[in-house]
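S.K.: whatever this is, show me its structure:
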Amino acid sequence: MTDPYKYTTIAFANREFLGPYSREAVLSLTQGLKGPVLDVGCGKGAVIRAIGQPAVGIDLNPSFVEASAQENPNAQFFAEDAKEALGKLTIQPNLIVCLGASQAIGTPEEALAYFSKLLQPGGYLLFGDGIWERTPSQEYLEFLGAKEEEMPSFDQFRDAGRAYGLDPLKSYVSSPQDWDSFELSYYESMITWCDEHPEDPDAKPFRERASKWWEMYQREGRGVLGFAIVLFKKADF
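M.R.: Numbering: from 1, shown residues only. Below you'll find the model as predicted:
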C-alpha cells in the first residue's frame, strides 16, 4: 500500500463527520461562538461548515483537505503536519477545534497545553477524545494495542483542562446510537469498496482489518470505548 491515507479515505467515504457525533452535537456546543475558527484534524471540513465562521483547517489527508476546500471556499486549508501549518498561522483563533485528533500535537494533555498557549484569554477550545465508559477487557486492550491508563474516564477528561487554565463549560458524550452509526458506516464503506475492487491488492487485508474491528466493536467495544467532547474557555486573566 503506497497511500498511507487510503484506508481511512475509503472507510470514511460516506461520513460527513469523522467521529461518533453529529452536526446537532457540534452546534449545541458552539452556539453563539464567533470566529476565527482553527480546526486541527479537520477531516472533510464538516465542523467548519457547521459553525459557519471564518476558519482555517489542518489535516494530513490530502483527499480530505481537497474535499474541505471544495465545500468551504471561504476557508483556508493546509494538508500537512499540524505544527508546521500552525507556524504559518496568520489568524488569532477565538475557537480552536480538535475532535479526535490530539495526536497531531502529542498526547491529549500535550494538546491541551499547546492549545491553551495558542488561545487568547477568553478564547474557546472544542476538544474531543476517547474515554472509557466501562473498564475494558484485557482482550480488548490487546486488540487496540492500548493500556487502560492511556484513556481517562469522562470526569477525568472534563477536568483535565483546568491545569492549563481551561474551564469546562459544556460537554457531550457520544451515545450508543452515535457509535453504532459511526462504526456501521465505517465497516460498510470498507466492505463495499472491497467487493467492488477484488483485484486491488489491498482488498483482502482491508476486508480482514475492517471485519475484525467490527467484530470487536460489537463484542467488546460497545459501551466500553467512549468519546467525549468538551467546550473549554480560557480564563480571562
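
S.K.: was I right about W213 contacting L184?
M.R.: No. Assessed by Cβ atoms under 8 Å, W213 is found out of contact with L184, at 11.5 Å. In this view, the C-beta of every residue, glycine as well, is placed from N, C-alpha and C.

S.K.: which parts of the chain are strands?
M.R.: With strands called from DSSP state E, the chain shows them at 37-40, 55-58, 76-78, 95-99, 124-132, 166-173, 225-234.

S.K.: closest one to C194 among these?
M.R.: strand 225-234 (24.2 Å; Cβ to Cβ).

S.K.: and that closest one, C-alpha only, in CSV?
M.R.: This file holds the C-alpha atoms of strand 225-234, laid out as CSV (Å, rounded to 0.1, in the frame of the first residue of the first chain):
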residue,chain,number,x,y,z
LEU,A,225,-14.9,2.7,24.4
GLY,A,226,-16.5,6.2,24.6
PHE,A,227,-16.0,9.6,23.0
ALA,A,228,-16.4,12.9,24.8
ILE,A,229,-16.4,16.5,23.6
VAL,A,230,-15.9,19.4,26.0
LEU,A,231,-16.1,23.1,25.3
PHE,A,232,-13.4,24.8,27.3
LYS,A,233,-13.0,28.5,27.9
LYS,A,234,-9.6,30.0,28.6
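
S.K.: OK, contacts around the residue nearest the centre of the chain?
M.R.: By Cα atoms, centre = their mean, the chain has its centre lying nearest to G100, at 2.6 Å. Listed by Cβ atoms under 8 Å, 6 or more residues apart in numbering, the contact partners of G100 are L18, G19, G41, G128, D129, G130, F227.

S.K.: could you redo the last one with a cut-off of 7 Å?
M.R.: Neighbour list for G100: G19, G41, G128, D129 [criterion: Cβ atoms under 7 Å, 6 or more residues apart in numbering].

S.K.: the most far-flung residue of the chain relative to its centre and T2: what is the separation?
M.R.: No residue in the chain sits farther from the centre than E199, which is 31.7 Å out by Cα atoms, centre = their mean. Computed as Cβ to Cβ, to the nearest Å, the E199 to T2 distance reads 16 Å.

S.K.: same thing with Y124?
M.R.: Using Cβ to Cβ, Y124 is found at 39 Å from T2.

S.K.: neighbour count: those two, which is higher?
M.R.: The neighbour comparison of Y124 against T2 (other Cβ atoms under 10 Å) goes to Y124, with 22 against 5.

S.K.: so the more buried one sits against K170, correct?
M.R.: No. The pair Y124 and K170 fails to qualify as a contact (Cβ atoms under 7 Å) at a distance of 10.0 Å.

S.K.: quick one, what contacts the spatially closest residue to R207 that is not a sequence neighbour?
M.R.: Counting by Cβ to Cβ, 6 or more residues apart in numbering, R207 lies nearest to C194, which is 4.3 Å off, once chain neighbours are set aside. By Cβ under 7 Å, 6+ apart, the contact set of C194 is A203, F206, R207.

S.K.: closest to L166 among the residues you listed?
M.R.: Nearest member of those to L166, counting by Cβ to Cβ, is F206, at 38.5 Å.
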